[in-house]
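Asker: Below: sequence and its predicted model.
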Amino acid sequence: MNICGLTAVNALSSYFRIISYRENEKTVHDIVFENGVKVSDKKRKQTKTDKQHGTIVEFISNPQYLGKNVHLPFEEVYSWIEKLTYQLSAATNKKIKISIDEYNGTKLISKSKLKSQPFENLINTMLDKDKVIIEPFSIECKGSLTENVTVAKPGEKPKNVNKKKDVILQVVFAYEDSPENINVYDSYCNYTNTTDGGVHINNTEEAFCRYIQNATTASMTEKEREKWNITWADIRSGLVMLLNLSTNAQVQFVGNAKKEIANPELGKVIKTISDEEIRKYFEKNQSKLQSICKIVKLNARTRIESQKLKTTIKKERMDSFSEHAMDNFIRCNNTGKQYKELYLIEGQRSASGSAVNGRYPDFQAIYCLRGVTANPYKCSLQEIMENKELKGFVNVLRTGIGANFKPEKCYYDKIIIMTDADVDGFYISAGILGFIVKYMPELIKQGKVYKVFSPLYNIDDKEHPYAGNKHEYTLIAQKKIAKEYKVGHISSKDYFNKDEMFEFLLDTIDYRENLIRLYNHFGKVDKYLIELIAALLIQNGYVRTSTDYDDMKEVFSNQKFISSFMSKIQKQFPEIKYEGGCTLRGVIDGRFYSIQINNRFIKKIDDIIPIIQKYGYLLKVKEKNTDERIMSIGKFLDESYKLTPKIITRYKGLGEADSDQIKETTLNKDNQILVQFTMDDVEKTLETFYKLQGHRKKDGEARKKMMKNYKIRREDLDN
């Protein structure tokens, strides 16, 4: 922490103490402040009992400035220290151990230990292991620059001298099969996470891209060079880069948050040394270079073919509908009083190609909403009509608005909202529906306004190739599993009936994935061991929820509990031993594991607690033509997963499905899921609308309360 940071922390603390162990002077300097005022300043000689070194900072946040309930976000602090362990070995070349104790007041809640590890391993936390196509490789660059510094010796005038500064750069590269991922970078400078990058990232990226661009171009045939020009975007597609800069030179951090470095002279040195070391690395690793060049060529080909396709589609539409004055409206062929539908679709006309090309042109018209519409409950009608999207919508309906509104003049029998299944899509849906409710409610009363839901999944199942949501997908999987398995509580004579089986599969829809996440989070500790530990704590009543549980230190001080607990653990995992405290260690399938059962463990098992409380830990399972077996929920779900249809595509936006798929699933009246809006619960709906989009003070408070208590399922994060 620098002087500015220390001063700020002192100013915001009711108690602030610094203890500095000065090795050269063999002294201990102890300073205490209260409410920013120094109350103690002691300096003494070090004794033989002084085994510490460095600086210790203690502080208590002042509630006058930060509130009564202020606390350090422990999970964030823990995560920061965990990332720090990857940098310590690079900087010190030593194995360092870190102890982390979490207290609630004076009560010790948890103890953790971390070890320093190679910096290049940090990239594994950035990668999706199932998508890695070029395994991580590391390049180290060393150099120096000369800086003019001011030196002042006691009794002499300050003078400027040139001093050599060291520059050490470690870069780790990898490629994922995710071409949409561009600039998946993380960088550090002198232990600071420079999340906004700077000259170290920019110049290293430039050196890498230029070398790969030249190498890829050189590897191409003359015909390939004519067809594809290699750009840096082709090289960055799927690239994951991690960088660590250690230097005693001036880095020129930008802003107090230190998220970026900006010293141009340092940037020049980094460019020179990275140029050289990247060249040397690939000269020795030609196979790696060839693999990267293949990826880059594929990215270039995909980009150019995509551009050609977009140009062709755009050209065809302009030729076919050049008579239309509105470039975001495609009318239907029917005119007069024949049946017609108007689909309100998100995006530019070119971006909505799947829906436009998949429609039934005789009676289906398309109106493209280019961006988020104005909020009708924040604007006057005059302001609303200045919005190009809504003004165009009114013109297309031919109803007029305000004093001139005539619902009987509506040109369409159905007005169907069809937006993407993401946040923007729902926001646009809410905006256009709010506009209709406020200024055209008669259209809803006449039953003209609908929302269509396109399928969420395209699955590998001949009978049911599409599923509209996770519930429908689970129903398809449940039918297959129910044909092969009978499942029930071990305490019951009967198996689940059809409804109970479906409820069980729906409740455990994320259970398997949650166990896998726990496996990864706890350093790849056997997931069935984690499940068993969780079950023993939950079923014995020591854990009720992730916030309501007994002190694990007290639980594990009970010898009777430990004896019972370990007998059940060792029945399945005989080589797992109790190591004292709350720690288990041992070998499973030839691999050594260690797991600590503390507050962090309880918080991480949050998602599986209600499942074990409802269904227990063990199930009785009978597969066709086999004897009944007893197995855990996790093992059953793993075994039956083979019957779950594979998800081929998860559609988030309209552009992710082709025109035939959109036509078959969403525009075809026999297959589409169409929901009609009514005015029956308009007050409740408006209350929700205000909570989500209102600008009044009470709306903001309600929104804040909702966000604080709302839990988002992981798979819906991109929605």
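Answerer: Received the coordinates, thanks.

Asker: Which neighbouring elements make contact with whichever strand or helix holds I569?
Answerer: For I569, the host element (DSSP states H and E) is helix 559-572. The helices and strands touching helix 559-572, judged by 3 or more C-beta pairs under 8 Å, 6 or more residues apart in numbering; DSSP states H and E, are helix 527-539, strand 576-578. (C-beta placed from N, C-alpha, C; glycine too.)

Asker: who wins for proximity to D589 among the ones you listed?
Answerer: D589 lies closest to helix 527-539 among these, at 10.8 Å (C-beta to C-beta).

Asker: Go through the next helix-or-strand element following that closest one and flag the buried ones.
Answerer: Counting by DSSP H and E, the next helix or strand C-terminal to helix 527-539 is helix 552-555. For helix 552-555, burial by neighbour count (16 or more other C-beta atoms under 10 Å) applies to M552, K553, V555.

Asker: And for helix 552-555, what's in contact with it?
Answerer: By C-beta atoms under 8 Å, 6 or more residues apart in numbering, the residues outside helix 552-555 that reach it are L108, S110, L537, Y542, F561, G581, C582, I597, N598, N599, F601, I602.

Asker: which stretches of the stretch 201-350 of the chain have low pLDDT?
Answerer: 305-325, 348-350 (pLDDT under 70).

Asker: now the strands: where do they sit in it?
Answerer: 239-247, 329-330, 341-346 (DSSP state E, counting those that start in this stretch).

Asker: Parallel or antiparallel, which strands does the second one pair with?
Answerer: The sheet places strand 329-330 alongside strand 364-369 (antiparallel), with pairing taken from DSSP bridges.

Asker: what does the partner strand contact?
Answerer: By C-beta under 8 Å, 6+ apart, strand 364-369 touches 328-332, 340-349, 351-352, 355-356, 359, 389, 392-393, 396, 412, 419, 428, 432, 667.

Asker: Could you tell me the angle between it and strand 341-346?
Answerer: Strand 364-369 runs at 30 degrees relative to strand 341-346, counting by axes from the mean of the first three to the mean of the last three C-alpha atoms, to 10 degrees.

Asker: what's the average pLDDT for strand 364-369?
Answerer: For strand 364-369, mean pLDDT is 89.

Asker: Could you give the separation of it from the chain centroid?
Answerer: 33 Å (C-alpha atoms, centre = their mean, to the nearest Å).

Asker: Kindly report the same for stretch 95-114.
Answerer: Relative to the chain's own centre, stretch 95-114 is displaced by 27 Å; criterion: C-alpha atoms, centre = their mean.

Asker: ok so, going back, among the strands of the stretch 201-350 of the chain, which is nearest Y211?
Answerer: strand 239-247 (12.9 Å).

Asker: Can I get the buried residues of helix 552-555 in a markdown table including distance to F504?
Answerer: Shown next, in a markdown table, are those (distance: C-beta to C-beta, whole Å):
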| residue | distance to F504 |
| --- | --- |
| M552 | 30 |
| K553 | 35 |
| V555 | 29 |
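
Asker: Out of those residues, which is nearest to Y439?
Answerer: M552 (58.8 Å).

Asker: Just give the closest residue to that closest one, not the sequence neighbours.
Answerer: C582 (5.0 Å; C-beta to C-beta, 6 or more residues apart in numbering).

Asker: Next one: that neighbour relative to R517, how far apart?
Answerer: Distance check for C582 against R517: by C-beta to C-beta, to the nearest Å, it reads 21 Å.

Asker: So between these two, which is more surrounded?
Answerer: Between C582 and R517, counting by other C-beta atoms under 10 Å, C582 is the more crowded of the two (20 against 15).

Asker: wait, the more buried one sits on I597?
Answerer: Yes. Contact criterion C-beta atoms under 8 Å: C582 and I597 qualify, at 4.4 Å.

Asker: what do these two both touch?
Answerer: Joint contacts of C582 and I597 (C-beta under 8 Å, 6+ apart) are M552, F556.

Asker: quick one: the helices in the stretch 351-500 of the chain?
Answerer: 353-358, 381-384, 388-397, 423-439, 441-445, 470-484, 498-507 (DSSP state H, counting those that start in this stretch).

Asker: Report the buried residues of the longest one.
Answerer: By neighbour count with 16+ other C-beta under 10 Å, helix 423-439 contains the buried residues 425, 427-437, 439.

Asker: Let me know the closest of those to I612.
Answerer: G425 (36.0 Å).

Asker: how about the residue lying closest to that closest one once chain neighbours are set aside, phi and psi?
Answerer: Distances taken as C-beta to C-beta, 6+ apart place T419 nearest to G425, at 3.6 Å, with adjacent residues excluded. Here is the backbone geometry of T419 (degrees, to the nearest 10): phi -110, psi 170.

Asker: For T419, list the residues it contacts.
Answerer: Per C-beta under 8 Å, 6+ apart, neighbours of T419: L344, I345, E346, L369, G425, F426, I428, S429, L654.

Asker: do Y78 as well
Answerer: Y78 sits next to I100, S112, R600 when contact means C-beta under 8 Å, 6+ apart.

Asker: Which element is encountered next along the chain beyond the helix or strand containing it?
Answerer: Using DSSP H and E, Y78 sits in helix 74-92. Per DSSP H and E, the first helix or strand lying C-terminal to helix 74-92 is strand 97-104.

Asker: just the angle between that next one and helix 74-92, please?
Answerer: Using the same axes, to 10 degrees, strand 97-104 lies at 160 degrees relative to helix 74-92.

Asker: Once you drop chain neighbours, what's closest to Y519?
Answerer: Nearest one to Y519, counting by C-beta to C-beta, 6+ apart, is K527 at 4.1 Å.

Asker: looking at it, the one you found is touching I516, isn't it?
Answerer: Yes. Between K527 and I516 there is a contact under C-beta under 8 Å: 6.6 Å.
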